[in-house]
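# I'll drop the sequence and a predicted model, then ask my questions.
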Amino acid sequence: MKANLIAKTAVFTGLILATGILSASAQTTLTITHSSPADSHFGEGAAAFKKVAEEKSGGTLNVVIQRMDNEREALESVQFGSQECAMGSTGSLGNFVAETRVLDVPFLFDNYVHARGVLDSEIGGELLALFPQHGLYGVSWLENGFRNLTTGTKSVNSPEDLRGMKIRTMENQVHMQAWQAAGVLPTPMAFSELPSALQQGTVDGQENSIPVILANNLDMMQKHLYLTGHVYSPGIFVCNPDFIAGLTPEQKAAVEEGGKAATAANRARVEQDENVGIETLRTRGIEVVEIKDRDAYRDAMAAANAGFEEQFGAELIKRIRGWKAQ
Ligand code: EAX
């Protein structure tokens, strides 16, 4: 009787275990965070990823999308493995994969075609290949957009006026060095802290892409928008390398396909925001100032260039600047 009960319990436990294992292997949950709201260039990238990755994995991947505006913490969590993947700007990525900082050099790219071309070329591929050495897996390059200066009460008629101003920057050494060269007091902080810093006036201004300004209503907290386009801000889609290594070949392919779809959707939204966003911002009330003499901004930051060449190699910078569409 007792033996029978033990046997039955064993079978029952075995069944529970088997079902547990089956349902666990049937679906793998992939949590991905992104900065900015769902209705943004990153939100659309994440949604496109979810659709394609779930479909191509035959339903074995369950993608959960969450918002997280502290991009450094998101990267730390991915590296640590407490979340599977993240999308956002490369603002703090250089603190993890130092080599990617070369992309943050101001006035490096002439336009979107140039920037996208470099990221899609072997240069972008070589950089992605370095991620696993730093505990991250780079799925695909995304885009945050060319960055523009915004200020609160202070107006800027020329880069000279920037001297002594406190400008929030991303937690990015290259950006900080460039602003410092222009006489600015760069104030690095996570994006999650930016709205309150602007509202409280702890900084005189900030710089960001049109998609980010629009999606996060930063224009409501600023009076002037200067279309400086001083630096291209890439985006990145990363996952935890052990998570990727544990996927089936079909799931891995689904993540890669999803990554391509994310890039396409994200870039399309940046383009749309760039095309109609400036007008939208103008009608919402912020003063939009075209910059006739962008070279003046380039010159103001030029003192940082020698340091950048030393850090990243003049050869690589030249290779990026000289990229031409095939
Ligand atoms: O979502 O921190 C920043 O300014 C970045 O542009 C961020 O990606 C915003």
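Yep, it's here.
# hmm, Ala261 and Lys51 touching each other?
Yes. Here Lys51 reaches Ala261: they are 7.2 Å apart, a contact under CB atoms under 8 Å. (C-beta placed from N, C-alpha, C; glycine too.)
# what about the two, which has more around it?
Ala261 (21 against 15; other CB atoms under 10 Å).
# now name the helix or strand holding the more buried one.
Ala261 belongs to helix 249-284 when assigned by DSSP states H and E.
# which one is Ser92 nearest to, not counting chain neighbours?
Leaving aside its sequence neighbours, Ser92 sits nearest to Arg72 (CB to CB, 6 or more residues apart in numbering; 4.0 Å).
# near the ligand, which residues of the stretch 51-200 of the chain are found?
Contacts of the stretch 51-200 of the chain with the ligand, taken as CB under 6 Å from any ligand atom, map to 88-89, 91, 144, 170, 191.
# show me which of these is closest to Asp273.
Nearest to Asp273, judged by CB to CB, of those is Asn144 at 10.8 Å.
# residue nearest the centroid of this protein?
Using CA atoms, centre = their mean, the residue of the chain that lies closest to the mean C-alpha position is Ser89, 1.8 Å off.
# show the contacting residues for that residue.
Applying CB atoms under 8 Å, 6 or more residues apart in numbering to Ser89 gives the contacts 35, 71, 144, 170, 191, 233-236.
# for it, give me the backbone phi and psi.
phi -80, psi 170 (degrees, to the nearest 10).
# now stretch 73-84 - C-alpha only, PDB.
Provided in PDB are the C-alpha atoms of stretch 73-84 (Å, rounded to 0.1, in the frame of the first residue of the first chain):
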ATOM      1  CA  GLU A  73      21.100  50.700 -15.900                       C
ATOM      2  CA  ALA A  74      19.500  48.900 -18.800                       C
ATOM      3  CA  LEU A  75      22.900  48.000 -20.200                       C
ATOM      4  CA  GLU A  76      24.100  46.900 -16.800                       C
ATOM      5  CA  SER A  77      21.100  44.600 -16.400                       C
ATOM      6  CA  VAL A  78      21.600  43.100 -19.800                       C
ATOM      7  CA  GLN A  79      25.300  42.500 -19.000                       C
ATOM      8  CA  PHE A  80      24.400  41.000 -15.600                       C
ATOM      9  CA  GLY A  81      21.600  38.900 -17.100                       C
ATOM     10  CA  SER A  82      18.700  40.200 -15.100                       C
ATOM     11  CA  GLN A  83      17.000  41.300 -18.300                       C
ATOM     12  CA  GLU A  84      17.600  39.700 -21.700                       C
END
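# mean confidence for it?
Here stretch 73-84 scores 98 as its mean pLDDT.
# from the chain's centroid, how far away is it?
Stretch 73-84 sits 14 Å away from the centroid of its parent chain (CA atoms, centre = their mean, to the nearest Å).
# what comes into contact with that stretch?
Contact partners of stretch 73-84, identified using CB under 8 Å, 6+ apart, comprise 29-33, 35, 68, 85-86, 88, 92-93, 95-96, 134-136, 190, 238-240, 242-243.
# go again with 7 Å.
Contacts to stretch 73-84, defined as CB atoms under 7 Å, 6 or more residues apart in numbering, come from residues 30-33, 68, 85-86, 88, 92-93, 96, 135-136, 238-240, 242-243.
# could you do stretch 52-67 as well?
Stretch 52-67 is contacted by residues 26-34, 37, 46-47, 49-50, 250-251, 253-255, 257-258, 261 when judged by CB under 7 Å, 6+ apart.
# for ChimeraX, write a command that selects the buried ones of those.
Of the contacts of stretch 52-67, the buried ones can be selected in ChimeraX as follows, counting by 16 or more other CB atoms under 10 Å:
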select :28,30,31,32,33,34,46,47,49,50,251,254,255,257,258,261
